[in-house]
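**Q** got a sequence here, can you model it:
(3 chains)
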Amino acid sequence: MSTLSPQAPEARPARGRQDSGRGRRSSPMSWRWGDRLALAAAWVAGLSLCAIAGAIVLYMGYRGIQYLRPGLIFSRPQVSADQAGSGGFLDPLLGTILLTVIGIAIALPLALASAVWVVEYGQGGRGRQSLARIVESSIEIVAGTPDIVIAIFGLAVFQLSLMAPFSFTSEGGGVYGRSFIAAGAMMSLLALPSVYAATRDGLQAVPGHVREAAFALGKTRITTIRRVLLPSVRSNIATGTTLGISRIIGSTAIVLILLGSTLRIETQGSVPAIDLLRGTGSSLTAYIYENSPAGEGAAPQKAYAAAFLLLIFVLALNLLVDRLGRAHASASGLASAGAVV
Amino acid sequence: MLERLKKPWPDRRAERLLGAVSLLVAAVVVAMVAFVAAKSWPIFQHNGLGWLLGGGDLETEIANMNAAAVKPAASVYHLRAWPLIYGTVLSTGIAVVLGMAIAVLSSVFIVELAPARVRRVVIPVVRLLASVPSVIYGLIGILVLVPFIGHHLITEHERRSVQNAVQLTGAGLAPTVLILTVMITPIMIALVCEALASVPASWREGAVALGLNPLRAVRAVTLKAIRPAIVAAAVLATARALGEAVMIQMVSGGKSFSPSPGDGIAFFFEPLRTLASAILDFREGVGSPPLGATIYAFALLLLFSAFALSVAGYLVKLPLRKYQTRG
Amino acid sequence: MHRIRRLSVALTVAGVAGVAAPAAANATSLVTISGATSSYPLVSLLAAKYVKLHPHKIRFKIAQGGTTVGLNDVKAGSVTIADVAQEPTGADAGLDFYPIAKYAICVVTNKANTLANLTQAQVASIFTGKTTSWSAVPGATAAGPIEVFTRTSVAGVLTSFKSLLLEGKSVTSHATEEATEGLMRQAVESAPSGIGFLSNYQADKGGLNSVSLNGVACNKTTAASGQYPGVAVFFEVTKGPATGGAAAFINWIDRSPAAKKIISSQWVTIG
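**A** Reported below is the predicted structural model:
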């Protein structure tokens, strides 16, 4: 979705009365009825999209302002007989942040390595090229796989006895298979294609003479990549990462299946940071789901509040992608290519 | 150790490392297919491919799987999942057709017809719609759309007409298809807009010079030229719709029922279930051997559908190569 | 710039860990529970109280899924305790059932439908699909076809409902199945011609019309006194006799006055 910016109509010499730039006598009043209907339909389609989006944002905003209190964001969920005392959604919020951090931490190196390898090393020779094609196709397949299949795959993997250190083992010997690290690892598969595609496009757009200049100075390929190319595609990487983050925080299926659905973040074991990774918890999306009529349904107000917060995050990320895209387009990508070891 | 990382790296070693990591990603895909297929094997073992057909009562079969989970006899694995496949095809098909029509119209609007001010508003709107999480769509669906349909759109006459088969509660085909269309249309719009913008203006101008009005020119020339992009958009949207689990589970009524067009208007209000929403519905039972195998079988089917879609899209685009406008 | 970024990521993770760590960093025993959605509120309250009174001894992970899912999980050894809302059957050999509370199964209709009373025969006839229209039910203010809501097959409340109030017959196949008690309540609350069944805890939450059975209202008092016919039992079920943390928890529920207080707030104590 990098370009939704159609080219501006070419400059035309000014015409008499109608300089809509679409030629003379193009007023719809002179068209056939069928065409006028199509014109109206196109306008209706375009504007109704805006109407629907506006309705969603306004409705969520209305409900969110009605129900979202700062106290909810900072208080932990409680068990209680009635939903009035059930606290806020601090733990689900932290869960979302933690999952995003884990997901990006795993996806970023994998995506960067793959993109770098495919663009820089994967072009020479038949064998290399077919391997590069395989890697590209695999990432495309991952991009097209539904979230729920990725979640089920994650469950199959993390319930192997080999993977017991990543969650815990119950009495009968069954591996629980659900933990932050399990969900985070699968989340990384969601972010991987975005970061990969953005980095690959950025690297392909760097002109050949930049690399040749570095080689002429005696630098090895890997040093060129590390010191010249990667820094110059920083904004591409940032865009791809932001898109990946947006996908991660919106994912519900993976959380419902792989995160154990405990109300609060529960650690597992006694090693300080590892116990958090092995622990279970919840995320904003799972919290919304559980509090909606599809889960237990008892607290739609809390669901609205959390949904509003989530929507704000998504909007902010959208704006960020927009800004990054614009900054990249205006800045010269070669400005930082001057840094050579 | 940080010092060693800061010094120049050996080129060959780095290359091998990067290559290994890249192939790791490819290995993940292979692992995905392998694991899901292995775990779903018991269903194929006991049903062959017959589980894709209809004939049994899916709810009873699932109940049997739950009841006999620990030492299941062979008969417990009996599965006929056609209602789910039908539900998936039905909801996806209607949503993609509707969405494609709206997407093409909207894209023409955005690229050709909208004044610059309106365009500046519509483009971020489309991007926003594409990035709203599905659980929020589901929330609005289940708290606003479903009660509205249930209380105001379903008449008692319709309720009575299907009384002996199913109950109409408002959750069913209608809200599913409506929300699914809103979810997949932005994806299609993005692709079609990009393609429309890349058609050389001279092609359209030639048509206008020959006397067609602008809209006709678009229809005659540009739309034909972007057929590969339309196919790509349809493929992408179908893949997205197939995999949508959470939103559908919230608004579809959760009954393994095959809505029948013969019921008239009630057809649109009948509940259904799709493969993805079924996985979500039965997710708690994944620990029991027969139900677990069933869930993995559904996932395998979804995986193959995604593959098949990409291949089909590629094959459909091949003869359209000559209309490619790039390069 | 990189350092600041690295630092902020590290701080975020540390912050998250810091909040989460106090939540039982060095508890010794972990008890996993899954099963009935009807006893989930009760067991969650009991577990929370137990952890408050005996800190750092046991940690609980409570899931739901339905009675049958809980039974399957405990038979397979994936959980320590199953929450069960139905009586043991022949298939449950080798499992130990510990009763913790009694609950009443109430028939509920939409608030707009002020149906006051039903006989047991009427209940059976409505839920098995013999009576299909509200006009055939005297005292009902709803009109049109009866919308029957039931639970999915894994629900213990459904099994108990069938054996206690439906004489063992099955609910009609065109009833809409709901996966949890919460969903059942939602469904009946939003369907003017709906009818369903719930544990008294959910039925008492307001927003629904609770129907008397044979003239007896459905609440915890009539359930305790034995007047109300549809009273079933919540069990905690283990594979073999309960040991370790599970045994301590179950014994505590049985004996401690704090547990009795929680149980009698909305449900009926055993004995």
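**Q** so where is the stretch 101-250 of chain A shaky, pLDDT-wise?
**A** Along the stretch 101-250 of chain A, the model assigns pLDDT under 70 to residues A:171-173.
**Q** which residues in it form helices?
**A** Shown for the stretch 101-250 of chain A, the helices assigned by DSSP state H, counting those that start in this stretch span residues A:126-144, A:147-158, A:180-205, A:208-216, A:221-224, A:230-232, A:234-249.
**Q** give the helix, strand or coil label for the most centrally placed residue in chain C.
**A** Centrality entry for chain C: nearest residue to the mean C-alpha point is C:S38, 0.5 Å, by Cα atoms, centre = their mean. Here C:S38 is coil, with the state taken from DSSP: H, G, I helix; E, B strand; the rest coil.
**Q** C:A121 should be in a helix, yeah?
**A** Yes. Under three-state DSSP, C:A121 sits within a helix.
**Q** contacting residues around it?
**A** Going by Cβ atoms under 8 Å, 6 or more residues apart in numbering or on different chains, C:A121 touches no other residue. Just so you know, the C-beta spots here come from the backbone N, C-alpha and C atoms, and that holds for glycine as well.
**Q** what's the closest non-adjacent residue to the spatially most central residue of chain B?
**A** By Cα atoms, centre = their mean, chain B has its centre lying nearest to B:A241, at 1.4 Å. Closest residue in space to B:A241, ignoring its immediate chain neighbours: B:T92 at 4.3 Å, by Cβ to Cβ, 6 or more residues apart in numbering or on different chains.
**Q** returning to what we had before: give the contact list for the residue nearest to the centre of chain C.
**A** Going by Cβ under 8 Å, 6+ apart, C:S38 touches C:A85, C:Y103, C:A155, C:G156, C:V157, C:E181, C:S199, C:Y201, C:Q202, C:F234.
**Q** now the residue in the stretch 51-200 of chain A positioned nearest to chain B: how far from A:Y287?
**A** Closest approach between the stretch 51-200 of chain A and chain B, counting by Cβ to the nearest Cβ: A:P146, at 2.2 Å. For A:P146, the distance to A:Y287 (Cβ to Cβ, to the nearest Å) stands at 22 Å.
**Q** of those two, give the one with the bigger neighbour count.
**A** Using other Cβ atoms under 10 Å in any protein chain shown as the criterion, A:P146 and A:Y287 rank with A:Y287 on top: 32 against 24.
**Q** hmm, A:P92 and that one touching each other?
**A** Yes. Between A:Y287 and A:P92 there is a contact under Cβ atoms under 8 Å: 3.9 Å.
**Q** what residues are shared contacts of those two?
**A** Counting by Cβ under 8 Å, 6+ apart, the residues touching both A:Y287 and A:P92 are A:P77, A:A306.
**Q** the longest strand seen in chain C near chain A at all?
**A** Criterion DSSP state E: the longest strand present in chain C is strand C:95-110. No. Strand C:95-110 lies out of reach of chain A by Cβ under 8 Å from any Cβ of the partner chain, never closer than 12.7 Å.
**Q** going on from that strand, what's the next piece of helix or strand?
**A** Note on strand C:95-110: by DSSP states H and E, the next helix or strand toward the C-terminus is strand C:117-118.
**Q** give me every residue that touches A:I134.
**A** Contacts of A:I134 (Cβ under 8 Å, 6+ apart): B:L23, B:A26.
**Q** nope, A:L256 is what I was after
**A** A:A151, A:A286, A:Y289, B:V246, B:L280, B:R283.
**Q** wait, the second one sits on A:V255?
**A** Translated: A:A286. Yes. Here A:A286 reaches A:V255: they are 4.4 Å apart, a contact under Cβ under 8 Å.
**Q** neighbour count: these two, which is higher?
**A** Neighbours were tallied for A:A286 and for A:V255 using other Cβ under 10 Å; the higher tally belongs to A:V255 (31 against 28).
**Q** burial count for residue 199?
**A** If you meant another chain, say so; for now it's chain A. 28.
**Q** my question was about chain B
**A** Residues lying near B:V199 (other Cβ under 10 Å) number 21.
**Q** list the residues that contact it.
**A** Contact analysis of B:V199 by Cβ under 8 Å, 6+ apart lists B:V221, B:T222, B:A225, B:I226, B:T325.
**Q** what about residue 302, neighbour count?
**A** Since you didn't name a chain, this refers to chain A. Applying other Cβ under 10 Å, we find 23 residues neighbouring A:K302.
**Q** that's the wrong chain, I meant chain B
**A** B:L302 has 25 neighbours, counted by other Cβ under 10 Å.
**Q** if we can go back for a sec, surely the residue nearest to B:A241 and B:A239 touch.
**A** No. Using Cβ under 8 Å, B:T92 is not in contact with B:A239, being 9.5 Å away.
**Q** which of the helices and strands in chain B ranks last by mean pLDDT?
**A** None of the helices or strands of chain B scores lower by mean pLDDT, DSSP states H and E than helix B:2-6, at a mean of 71.
**Q** circling back to that earlier point, helices - which of the contacts of B:V199 land there?
**A** Judged by DSSP state H, the subset of these located in helices is B:A225.
**Q** near chain A too, which of the contacts of B:V199?
**A** The subset of those within reach of chain A, by Cβ under 8 Å from any Cβ, is empty.
**Q** how many neighbours does the closest residue to chain A within the stretch 151-271 of chain C have?
**A** Proximity of the stretch 151-271 of chain C to chain A (Cβ to the nearest Cβ) peaks at C:G182, 3.8 Å away. Counted by other Cβ under 10 Å, the residues lying close to C:G182 total 26.
**Q** pLDDT value on it, please?
**A** You'll see C:G182 listed with a pLDDT of 82.
**Q** got the contact list for it?
**A** Contact partners of C:G182, counting by Cβ under 8 Å, 6+ apart, are A:G295, A:E296, A:G297, A:A298, C:T37, C:Q202.
**Q** and the helix or strand harbouring it, C-alpha only, in PDB?
**A** Assessed by DSSP H and E, C:G182 sits inside helix C:181-190. C-alpha atoms of helix C:181-190 as PDB (Å, rounded to 0.1, in the frame of the first residue of the first chain):
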ATOM      1  CA  GLU C 181     -23.300 -18.900  30.400                       C
ATOM      2  CA  GLY C 182     -22.400 -15.300  29.700                       C
ATOM      3  CA  LEU C 183     -23.300 -15.800  26.100                       C
ATOM      4  CA  MET C 184     -26.600 -17.500  27.000                       C
ATOM      5  CA  ARG C 185     -27.500 -14.600  29.200                       C
ATOM      6  CA  GLN C 186     -26.600 -12.100  26.400                       C
ATOM      7  CA  ALA C 187     -28.700 -14.100  23.900                       C
ATOM      8  CA  VAL C 188     -31.800 -14.200  26.000                       C
ATOM      9  CA  GLU C 189     -31.400 -10.600  27.000                       C
ATOM     10  CA  SER C 190     -31.400  -9.500  23.400                       C
END
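**Q** gap between it and the chain center?
**A** What separates the centre of helix C:181-190 from the centre of its chain is 13 Å, taken as Cα atoms, centre = their mean, to the nearest Å.
**Q** equivalent analysis for stretch A:127-134, please.
**A** Relative to the chain's own centre, stretch A:127-134 is displaced by 27 Å; criterion: Cα atoms, centre = their mean.
**Q** likewise stretch A:270-281?
**A** 25 Å.
**Q** any figure for the gap between the residue of the stretch 51-200 of chain C found nearest chain A and B:G287?
**A** For the stretch 51-200 of chain C and chain A, the shortest gap (Cβ to the nearest Cβ) falls at C:G77, measuring 1.0 Å. Going from C:G77 to B:G287 by Cβ to Cβ gives 10 Å.
**Q** what touches both of those two?
**A** With Cβ under 8 Å, 6+ apart, C:G77 and B:G287 have common neighbours A:G174.
**Q** the two: who's more crowded?
**A** Comparing C:G77 with B:G287 by other Cβ under 10 Å, the one with more neighbours is B:G287, at 21 against 15.
**Q** the residue lying closest to that one once chain neighbours are set aside is in what secondary structure piece?
**A** Distances taken as Cβ to Cβ, 6+ apart place C:S78 nearest to B:G287, at 5.3 Å, with adjacent residues excluded. Counting by DSSP H and E, no helix or strand carries C:S78.
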